[in-house]
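J.: Okay, structure incoming, though there's no sequence with it:
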Ligand SMILES: Cc1ncc(COP(=O)(O)O)c(C=O)c1O
Ligand SMILES: N[C@@H](CCOP(=O)(O)O)C(=O)O
């Protein structure tokens, strides 16, 4: 399998090279040159497979010849061995026709573990094969950071530098990152927003000599491997509801557009996905786009769902490229103008195409709190603020006869203040995180400048090499 850039000016790469490269050299995002598909018979044959086995089947065509099937199966088995639920992604019914798939049973209690644990295994495997080392530079609004750190900690072929927006994550989220003291881990608190952090990461990648010197790689969903590893749980849910012989819809709390893009990718592979529903918080650029073709950046407002406090949804570029029928020049033009003007001029026919499949619902903090409370009172289900937004979107757009599966993306214990305010319940952290608040923290605060990040990356790489 070869991968091409959404901006058309970077070399096509293999899966392993895309894994190690992250962002394409022309600033674009990698996508498969052609979409692999499964036949009806092949989907049916996957019903009932244990999750790790299913994940290996779905990933196999994306990985191509780079990793043999048996090794891929072993890597997936290792990736999910530490999850605390035998089903890995259990499904629960909360209302008539409305289901929740929990994606937070991994080590850091967020859906990021679903892909990041696989990436940790893939990096280790490919870097060992090549006898090589990479420096991961990542941005987080709260969850990617700890999941990446957890997947990479103590691996001597990886240095990991994570940028988080200072004071804009929950305290549990921050501590999950900053209390990991392994020498290959560096945490930077950036004086800015998540969008600033993401831009700084992209600026590091845009500096080609720096990128080469530091052997930069990415763990954000700009890295295709992240999206690929998020596809299997949509397949798992759909097969459980009778796919390919029955349609299913998904509702996803959305920020960087990675998770819902994986659902869309599953559909491209032939899974009968009827509808994709986006849940946003007050940072509602995607919902404004779907409702009124208004993709205009506004100031990022802190919310009860901090991991979705995002205005520049990186992965939208991948959808745009596809809806432009893979016209890379047009995609590059639209993206460049968006970054210059703060407004994305999406052609009317592209917007119309997007609206046939996607719908969006935005909830402010008060509505999020009400949703958490109602879910708890009426369905006895405790949803964190992100998941609650997804569930509300699912309820809004569910259709009779088509199961609507909302993705629960984080454990409620990651957001105790919001949970107490909505329900009076303070959800307990699992045993392995019980002492989180007494652990030593280590991080540095830096201004939101590319120079400050590059200096920090250089010193992280140097000290890791010592
Ligand atoms: C708990 C949680 N929910 C939802 C999201 C949004 O996911 P995405 O950025 O893939 O749209 C995130 C961040 O990625 C998150 O951490
Ligand atoms: N919500 C994310 C932001 C980064 O998104 P990613 O999927 O591109 O890694 C977070 O919690 O860090």
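T.: Sure, I can see it. Remember, it's a predicted structure, so these values are computed and weren't measured experimentally. Ligands and ions are numbered 1, 2, ... in the order given.
J.: Can you name the residues of the stretch 51-200 of the chain that neighbour ligand 1?
T.: 110, 142-143 (C-beta under 6 Å from any ligand atom). Glycine gets a C-beta too; all of them are placed from N, C-alpha and C.
J.: one more time with 8 Å
T.: Within reach of ligand 1 by C-beta under 8 Å from any ligand atom, the stretch 51-200 of the chain has these residues: 104, 110-112, 141-144.
J.: Kindly report the same for the stretch 351-466 of the chain.
T.: 384, 386-387, 390, 407, 409-410, 414.
J.: So which of these are in strands?
T.: Mapping those onto strands (DSSP state E) picks out residue 407.
J.: Would you mind giving the residues of the stretch 351-466 of the chain next to ligand 1 as CSV with neighbour count and pLDDT added?
T.: Listed next are these as CSV, based on neighbours: other C-beta atoms under 10 Å; pLDDT from 0 to 100:
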residue, neighbour count, pLDDT
384, 29, 98
386, 34, 98
387, 33, 98
390, 33, 98
407, 30, 98
409, 29, 98
410, 28, 98
414, 29, 97
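J.: Do the longest helix along the chain and ligand 2 come into contact?
T.: Longest helix of the chain, by residue count under DSSP state H: helix 112-130. Yes - using C-beta under 8 Å from any ligand atom, helix 112-130 reaches ligand 2 at residue 112.
J.: So which elements touch the helix or strand following that helix?
T.: Per DSSP states H and E, the first helix or strand lying C-terminal to helix 112-130 is strand 134-139. Strand 134-139 sits against helix 143-152, strand 158-165, helix 194-206, strand 216-217, helix 450-465, with contacts defined as 3 or more C-beta pairs under 8 Å, 6 or more residues apart in numbering; DSSP states H and E.
J.: you'd agree residue 223 is up against residue 20?
T.: No - applying C-beta atoms under 8 Å as the test, residue 223 and residue 20 come out as separate, 9.2 Å apart.
J.: what touches both of those two?
T.: Residues touching both residue 223 and residue 20 by C-beta atoms under 8 Å, 6 or more residues apart in numbering: residue 217.
J.: Among the two, which residue is more densely surrounded?
T.: Neighbours per residue (other C-beta atoms under 10 Å) separate residue 223 from residue 20, with residue 223 holding more: 25 against 22.
J.: any idea how far the closest residue to the more buried one other than its chain neighbours is from ligand 2?
T.: Nearest non-adjacent residue to residue 223, counting by C-beta to C-beta, 6 or more residues apart in numbering: residue 22, 4.6 Å away. Counting by C-beta to the nearest ligand atom, to the nearest Å, the gap from residue 22 to ligand 2 is 11 Å.
J.: now residue 184
T.: Counting by C-beta to the nearest ligand atom, the gap from residue 184 to ligand 2 is 19 Å.
J.: Burial check on that residue, number of neighbours?
T.: Residues within reach of residue 184, counting by other C-beta under 10 Å, total 23.
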